[in-house]
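> structural data only, the sequence is not supplied:
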C-alpha cells in the first residue's frame with residue numbers, strides 16, 4: 001500500500017521541482033543568455049568553460065546542509081499529507097461510471113486517500129520525510145565524490161577526444177592515398 005501512495009506523491013514532487021530550482025543561472029553562449037542578465041559564478045570567461053569541480057563541490061555542500069535536507073523533508077511530508085487528505089469521491093464515482101462494478105469496497109462520503117490506505121497511513125508523511133532527508137544527505141556524498149573525480153573524468157574526456165581526432169586523421173589519410 002505504501003508503494004501505491006508513494007506513486008501518488010512522486011508526481012507531485014516532480015510538479016514542484018521548478019519551484020525548487022529557481023536559482024538556476026544561464027551562462028553566455030547557451031542560447032538563453034540573451035534573456036538573462038546573470039552569469040553563473042562557475043563560468044570561466046577565459047574560454048575554459050565551466051569549473052565542474054567547483055560546481056559539484058557547491059552542490060555537494062548544499063545537499064549536505066542539514067537545512068536543505070530538512071527543507072526537502074518538510075516539503076515531502078507536506079505533499080504526502082496533502083495527498084493523503086485528498087477526497088476520493090469524484091475518483092471512485094468516475095471509475096464506477098466508466099466501469100460499473102470496479103469499485104468493490106463501499107466508501108463513506110468524504111473518504112480520503114488516507115482512509116483507503118489504512119491505519120498506518122498516518123505515519124507515512126513522517127516516514128517519507130525522514131527517508132527524503134537521508135536520501136538528500138546521500139546525494140551530497142555522491143556529489144562530493146563526483147567533485148573529487150571531476151579532474152580525472154575531464155582528463156579522460158580530453159584523452160578520448162584526442163584519440164578520436166587521431167583516428168579521424170588516420171582515416172582521412174588512408175582514404176586520400
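Ah, there it is. If you're wondering where the values come from, they're calculated on a predicted model, not measured in any experiment. Numbers count the residues shown, from 1 in each chain.
> quick check: residue 155 is in a strand.
No. Secondary structure of residue 155 (DSSP: H, G, I helix; E, B strand; the rest coil): helix, not part of a strand.
> report how many residues lie close to it.
10 (other CB atoms under 10 Å). For glycine as for every other residue, the C-beta is placed from the backbone atoms N, C-alpha and C.
> what do you get for the one 10 residues further on?
For residue 165, the tally of surrounding residues (other CB under 10 Å) stands at 10.
> now do the helix or strand encompassing it: distance to the chain's middle.
If you go by DSSP states H and E, residue 165 is part of helix 124-176. Computed by CA atoms, centre = their mean, to the nearest Å, the chain-centroid distance of helix 124-176 equals 17 Å.
> what mean pLDDT does that helix have?
Helix 124-176 carries an average pLDDT of 92.
> which elements pack onto it?
helix 2-20, helix 52-64, helix 66-84 (3 or more CB pairs under 8 Å, 6 or more residues apart in numbering; DSSP states H and E).
> so who does residue 68 touch?
62, 136 (CB atoms under 8 Å, 6 or more residues apart in numbering).
> now it: how far from residue 155?
31 Å (CB to CB, to the nearest Å).
> with residue 134 instead?
Separation of residue 134 from residue 155 (CB to CB): 33 Å.
> do residue 138 as well
Residue 138 is 27 Å from residue 155, by CB to CB.
> check residue 170 too.
Taking CB to CB, one finds residue 170 at 23 Å from residue 155.
> repeat for residue 129
Following CB to CB, the distance that separates residue 129 from residue 155 is 40 Å.
> do the same with residue 166
Counting by CB to CB - residue 166 and residue 155 are separated by 16 Å.
> same check, this time on residue 133
Taking CB to CB, one finds residue 133 at 35 Å from residue 155.
> could you do residue 101 as well?
Applying CB to CB to residue 101 and residue 155 gives a distance of 64 Å.
> could you do residue 78 as well?
44 Å.
> again, but for residue 140
25 Å.
> go on, residue 109?
66 Å.
> next up, the contacts around residue 84.
Taking CB under 8 Å, 6+ apart as the test, what residue 84 contacts is 5, 112, 113, 114, 117, 121, 124, 125.
> would you confirm that residue 96 contacts residue 102?
Yes. With contact defined as CB atoms under 8 Å, residue 96 reaches residue 102; the gap is 6.3 Å.
> between these two, what contacts are shared?
Joint contacts of residue 96 and residue 102 (CB under 8 Å, 6+ apart) do not exist.
> residue 141: neighbour count?
By other CB under 10 Å, neighbour count at residue 141 equals 12.
> what residues are up against it?
60, 64.
> again, only using 10 Å
60, 63, 64 (CB atoms under 10 Å, 6 or more residues apart in numbering).
> I am finished for the moment; much appreciated.
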